[in-house]
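Asker: Sequence first, then the predicted structure:
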Amino acid sequence: MPKTIFNHISKIKFRGSENRDPLSFNWYEEDKVILGKSMKDHLRIAICYWHSFNWGGNDVFGETTFNRPWLLNPTSHKEALKKLDSAFDFFNKIGAPYFCFHDVDMAARGETVKELSENLKKMIDPLSLKMEENDTQLLWGTANLFSHPRYMAGAATNPDPEVFKCAAFQVKNMLEATHQLKGKNYVLWGGREGYDTLLNTDIKKELSQYARFLSLIVEHKEKIGFKGQLLIEPKPHEPTKHQYDRDAATVIAFLEKYNLRDHIKLNIEANHATLAGSSFEHEVANAFAFNAFGSIDINRGDPQNGWDTDQFNNDCKEMTMIIKNIIMNGGFKNGGFNFDAKLRRQSIDTEDLFTAHIGGIDILAKALINAATMIKDDYLESFKKSRYQDWNKEEAQKILAGEISLDDMSKNIIEPKPKSGKQELLEKYLSNITD
Ligand code: XLS
Ligand code: CA
Ligand code: CA
């Protein structure tokens, strides 16, 4: 057993809803079968490398606060291996079947893009070994195209084609690494694919650069035979004032315009949805409506702050509706729930990383149980069915099939009788299940 920062903590176990030991699950029982599938297979929990192991608690005003010794020497390969030991000790003890990472989280820091690529290559064997030993799989990989100064004016959308080439090189390497590690998905989050001011920005040019970039990735994916799913992660702003992938609908329209719809789906993040002025539930439902749903980054924002706080999820009612939607649409295929959530800066005890994830996972488990109850009840679904039932009538079906013109329709007008939408009744039902 290698030395890690979690050696003093034992494997987290399910101990039932009455148990008060904070280092145990109250609801998440990985083998418990719900609607014919284990909790583990429904939720496909992943831990993210960046917030939990590659961030020391620093913010724009203050320095690091957490105990992450390897961060003191970010250019050292030896330290990257120590980080790997601690990360896998955590994955194993929390019982997460998946994890996600950026190239720069895993590899020692490189000054140039070539150096980064060398450092990443050195990590692949030790990483594969860890994955095998711990039976942990890669939910998705991604390249960080936003931290290095070369990307300050965007990666694919940069006015300088040399920057585009560096970004393409980084994605090529990370896509190949993800393929080698049998990743289920590859994520593209366009952190700086946007602008700070239109005074210096040509939107049309930048969008076509971005489309070319994505097409190159699709071609390369096919060339190397990577069978995972490509995903774009929408976000409206931060770090840029405006990001081109602002929300699900915007990304879908963009992919449609550039003939990329068949190749790329969406990774929906809860906090990004609310930053875009929508609910998390809306973004998930919209992704399903357009057959573009892929995976989820689970977290939450703070209702008082207009930025990406990436806190741990704690709203069981909201999660019940999300999980119900996922199950009713056939469940995750390649996707899962990736905990793209970070501790508050004052949460400096090593245990805090465990209790944060345990709390978030328990909310998902409880929500899964609630969602199953609602699906069995069929209360909401049968209400919806009866609300739209008149569309099953012959004339309505003909309207939808395009067999009735405006002129013909106008010959047979009956004044409709309004019906109640019953919102309060349905809300009462939801509260009865979840509160
Ligand atoms: C940042 C994003 C980022 C992506 C991966 O806001 O959430 O972490 O998930 O690059
Ligand atoms: Ca994210
Ligand atoms: Ca975020």
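Answerer: Arrived safely. Ligands and ions are numbered 1, 2, ... in the order given.
Asker: hmm, the helix or strand that residue 99 is a member of touching ligand 3?
Answerer: Per DSSP states H and E: residue 99 is located in strand 98-102. No. Legend: contact between strand 98-102 and ligand 3 by C-beta under 5 Å from the ion is lacking; minimum distance shown is 12.7 Å. Backbone N, C-alpha and C define where each C-beta goes, glycine included.
Asker: Neighbouring strands of that strand in the sheet, and parallel or not?
Answerer: Applying DSSP bridges to the sheet, strand 98-102 is found paired with strand 45-48 (parallel), strand 137-142 (parallel).
Asker: is ligand 2 contacted by that strand?
Answerer: No. Interface with ligand 2: strand 98-102 contributes nothing (C-beta under 5 Å from the ion), its closest point being 8.8 Å away.
Asker: Work out the gap between that strand and the centre of the chain.
Answerer: Relative to the chain's own centre, strand 98-102 is displaced by 11 Å; criterion: C-alpha atoms, centre = their mean, to the nearest Å.
Asker: ok so, going back, just name the most buried of the strands paired with strand 98-102.
Answerer: strand 45-48 (a mean of 27; mean count of other C-beta atoms under 10 Å).
Asker: Do me a favour and average the pLDDT over the strand holding residue 99.
Answerer: Mean per-residue pLDDT for strand 98-102: 99.
Asker: How about stretch 315-332?
Answerer: Stretch 315-332 comes out at a mean pLDDT of 98.
Asker: For it, buried residues please.
Answerer: Within stretch 315-332, the residues that count as buried by 16 or more other C-beta atoms under 10 Å are 316, 318-327, 329, 332.
Asker: partners of the residue most central in space within the chain in the sheet?
Answerer: The centroid of the chain falls nearest to residue 297 when counting by C-alpha atoms, centre = their mean (2.4 Å). Counting by DSSP bridges, residue 297 forms beta bridges with residue 269, residue 338.
Asker: That one: what's it in contact with?
Answerer: For residue 297, the contact set (C-beta atoms under 8 Å, 6 or more residues apart in numbering) comprises 48, 233, 267-272, 338, 340.
Asker: Kindly give the local confidence score, pLDDT, for the residue in the chain positioned nearest to ligand 1.
Answerer: Of all residues in the chain, the one sitting closest to ligand 1 is residue 189 (3.7 Å; C-beta to the nearest ligand atom). The confidence metric pLDDT takes the value 98 at residue 189.
Asker: contacting residues for it?
Answerer: Per C-beta under 8 Å, 6+ apart, neighbours of residue 189: 142, 232-233, 235, 245, 267.
Asker: Mind doing that once more with 7 Å?
Answerer: Applying C-beta atoms under 7 Å, 6 or more residues apart in numbering to residue 189 gives the contacts 142, 233, 235.
Asker: what secondary structure does the last one sit in?
Answerer: Read that as residue 235. coil (DSSP: H, G, I helix; E, B strand; the rest coil).
Asker: For burial, what's the neighbour tally of it?
Answerer: 26 (other C-beta atoms under 10 Å).
Asker: so how far is the helix or strand following the strand holding residue 99 off the chain centroid?
Answerer: Sequence order places helix 103-106 as the next helix or strand after strand 98-102, per DSSP H and E. In terms of C-alpha atoms, centre = their mean, the centre of helix 103-106 is set 17 Å apart from its chain centre.
Asker: Would you mind pulling up the elements that helix 103-106 packs against?
Answerer: Judged by 3 or more C-beta pairs under 7 Å, 6 or more residues apart in numbering; DSSP states H and E, helix 103-106 is in contact with helix 49-53, helix 113-134, helix 161-180.
Asker: From what I see, residue 244 and residue 194 are in contact.
Answerer: Yes. Applying C-beta atoms under 7 Å, one finds residue 244 in contact with residue 194, separated by 5.4 Å.
Asker: what residues do the two have in common as contacts?
Answerer: Common contacts of residue 244 and residue 194 (C-beta under 7 Å, 6+ apart): none found.
Asker: Send me stretch 267-275 as PDB with only the CA atoms.
Answerer: C-alpha atoms of stretch 267-275 as PDB (Å, rounded to 0.1, in the frame of the first residue of the first chain):
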ATOM      1  CA  ASN A 267     -22.100  17.100 -21.100                       C
ATOM      2  CA  ILE A 268     -24.600  19.100 -19.000                       C
ATOM      3  CA  GLU A 269     -23.200  20.800 -15.800                       C
ATOM      4  CA  ALA A 270     -25.700  21.900 -13.100                       C
ATOM      5  CA  ASN A 271     -23.900  25.100 -12.200                       C
ATOM      6  CA  HIS A 272     -23.500  26.100 -15.900                       C
ATOM      7  CA  ALA A 273     -27.200  25.700 -16.500                       C
ATOM      8  CA  THR A 274     -28.100  28.100 -13.700                       C
ATOM      9  CA  LEU A 275     -25.400  30.600 -14.900                       C
END
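Asker: residue in this structure nearest to ligand 3?
Answerer: Nearest residue of the chain to ligand 3: residue 308, at 4.2 Å (C-beta to the ion).
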